[in-house]
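1. give me a 3D structure for the following:
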Amino acid sequence: MRHAGEVFGDLLSRAEGAFFVGVSSAQSAVALAQTGLRLFYLGGFAEAVLHGTPDVGVRTADEVFARIKSVALALEDAGFKDVLLVADLDTGYGGIHNLRRILRDVFTLPRIAGVHLEDQVFPKRCGHIAGREVIPAEEFCAKLRAAIDLRDERCPALKLIARTDALGAVSGSMEEAIRRGRMYAEAGADSVWCETQKPDRETARRFYEGMKSYLPPCGLAYNVSLSFKWRAFKGVRVTWKDLIRWQYRFRFGTYFTTVAEIAAVHRAGQWLKEARDEIAAIERVQTYANGTPAVDVRNFSGAKRYQEIEKRYGLGEKIKRSEGFGGKE
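-> Below you'll find the model as predicted:
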């Protein structure tokens, strides 16, 4: 099987590029994979919210890696061996040595197609939360080169995306974002991402115009963020066709499942609060789950696969003779 990074590179060589959907957990990744989707983005914002914190750099490298690992292994265990995963490694969680450490770990995981690094100070914060600062561009280029050298040694097919937060940071500007984007492309980034704070067409166009003579091999990256008020935005909104025309080939919605999950759980909580009794609320949730994998969470969790393994090694009799999923129901 070809390395995920090679397949990712092929996708980004096409004029239309590709869209990666942001997942928050192994659970949401497997649920999406069961719909036929195969391109997943593992963002830091989703990681933070999943654990009850804002994305302001409080999650550690070990915690972030554990989440990436759980997603990658759950998808492999569930048989989805053709997925592609792009992981957010924030600033690398420190200096060059910290960055090299987490990269070595990530390189061991299945289906990792790419990672992205950003030029904020450490600890960082979400690109849509005020208070961001960036390190000197030269310092980030050094980190980027260290990442590229390790990648070339350990996992040469994997793609490295460089993100600049210079546009919306303290004392930031479009001119500085373009200057940094060019430097990162020249340092060897496979794609460059300028984090923006609103979905206006002019911002996307200006960054492309500044970068078009310095485009990296995989083009530009764009965060189709759920932080943006897409329907309520008053200006001229960037379109999908604009992004393709301006070679934003790697596009992603950073915390897609986070919004979907919070909305679904909140509504279910309202049903419980409004119900005449708890059984009525549970029945309503079960009805809501019809037509989705949630209709049988035990099967969704992989219980049947695990029981088949037990049977293979002579442990099936206890399943046959007991009640529950896979036994006497």
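2. low-confidence regions, this protein specifically.
-> 329 (pLDDT under 70).
3. make it 90
-> Applying pLDDT under 90 to the chain flags the ranges 1, 129, 276, 314-321, 323-325, 327-329.
4. and the strands in this protein?
-> Counting by DSSP state E, residue ranges of the strands within the chain are 18-22, 39-42, 84-88, 112-118, 159-164, 191-194, 220-223, 248-253.
5. now do the third one: which elements does it pack against?
-> With contacts defined as 3 or more C-beta pairs under 8 Å, 6 or more residues apart in numbering; DSSP states H and E, strand 84-88 has these neighbours: helix 4-13, strand 39-42, helix 61-77, strand 112-118. Every residue, glycine included, has its C-beta placed from N, CA and C.
6. tell me what the third one is packed against?
-> Other elements packing on helix 61-77 under the criterion 3+ C-beta pairs under 8 Å, 6+ apart are helix 26-33, strand 39-42, helix 44-50, strand 84-88, helix 96-106.
7. mind putting those in a markdown table, mean neighbour count and distance to T60 included?
-> Putting the helices and strands packed on helix 61-77 into a markdown table (neighbours: other C-beta atoms under 10 Å; distance: least, C-beta to C-beta, whole Å) gives the following:
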| stretch | mean neighbour count | distance to T60 |
| --- | --- | --- |
| helix 26-33 | 21 | 19 |
| strand 39-42 | 24 | 16 |
| helix 44-50 | 23 | 11 |
| strand 84-88 | 24 | 14 |
| helix 96-106 | 17 | 10 |
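8. and K318, which of these is closest to it?
-> Among the helices and strands packed on helix 61-77, helix 26-33 comes nearest to K318, with 26.7 Å by C-beta to C-beta.
9. okay, the angle between that closest one and strand 18-22?
-> Counting by axes from the mean of the first three to the mean of the last three C-alpha atoms, to 10 degrees, helix 26-33 points 140 degrees away from the direction of strand 18-22.
10. now do the same end-to-end measure for stretch 185-204.
-> One end of stretch 185-204 to the other measures 17 Å (C-alpha to C-alpha, to the nearest Å).
11. cool, and stretch 35-47?
-> In stretch 35-47, first residue to last residue: 22 Å (C-alpha to C-alpha).
12. what's in contact with it?
-> 11, 18-24, 29, 32-33, 55, 59, 63-64, 67-68, 71, 80, 82-88, 90, 126, 252-255, 257-258 (C-beta atoms under 8 Å, 6 or more residues apart in numbering).
13. with distance to E283 added, can I get the strands of the chain in JSON lines?
-> What follows is the strands of the chain, written out as JSON lines (distance: least, C-beta to C-beta, whole Å):
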{"stretch": "strand 18-22", "distance to E283": "31"}
{"stretch": "strand 39-42", "distance to E283": "33"}
{"stretch": "strand 84-88", "distance to E283": "37"}
{"stretch": "strand 112-118", "distance to E283": "41"}
{"stretch": "strand 159-164", "distance to E283": "46"}
{"stretch": "strand 191-194", "distance to E283": "46"}
{"stretch": "strand 220-223", "distance to E283": "40"}
{"stretch": "strand 248-253", "distance to E283": "33"}
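14. picking up where we left off before, for Y306, which of the helices and strands packed on helix 61-77 is the nearest?
-> Closest to Y306 of the helices and strands packed on helix 61-77 is helix 26-33 (C-beta to C-beta; 14.3 Å).
15. tell me the contacts of the closest residue to G95 other than its chain neighbours?
-> Once flanking residues are discounted, G95 sits nearest to K143: 7.5 Å by C-beta to C-beta, 6 or more residues apart in numbering. Contact analysis of K143 by C-beta under 8 Å, 6+ apart lists G92, G95, I96, L99, L117.
16. cutoff 10 Å now
-> Counting by C-beta atoms under 10 Å, 6 or more residues apart in numbering, K143 touches 91-92, 94-96, 98-100, 117-119, 135, 162, 187.
17. nearest to Q286 among these?
-> E118 (42.3 Å).
18. tell me, how many residues neighbour the closest one?
-> Using other C-beta atoms under 10 Å, the number of residues around E118 comes to 24.
19. does it touch G57 like I think?
-> No - using C-beta atoms under 10 Å, E118 makes no contact with G57, being 11.2 Å away.
20. got any residues that touch both of those two?
-> Residues touching both E118 and G57 by C-beta under 10 Å, 6+ apart: G44, D90, T91, K124.
21. how about JSON lines for these, with distance to R298 added?
-> JSON lines is the format used below for the shared contacts of E118 and G57 (distance: C-beta to C-beta, whole Å):
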{"residue": "G44", "distance to R298": "31"}
{"residue": "D90", "distance to R298": "35"}
{"residue": "T91", "distance to R298": "40"}
{"residue": "K124", "distance to R298": "39"}
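22. with respect to R267, which of these is nearest?
-> Nearest to R267 among these is G44, at 26.5 Å by C-beta to C-beta.
23. picking that back up, distance of the residue nearest to G95 relative to G235?
-> Distance, K143 to G235, using C-beta to C-beta, to the nearest Å: 34 Å.
24. ditto for D55
-> Remark: distance between D55 and G235 (C-beta to C-beta) = 25 Å.
25. looking at those two, which has the bigger crowd around it?
-> Between D55 and G235, counting by other C-beta under 10 Å, D55 is the more crowded of the two (23 against 11).
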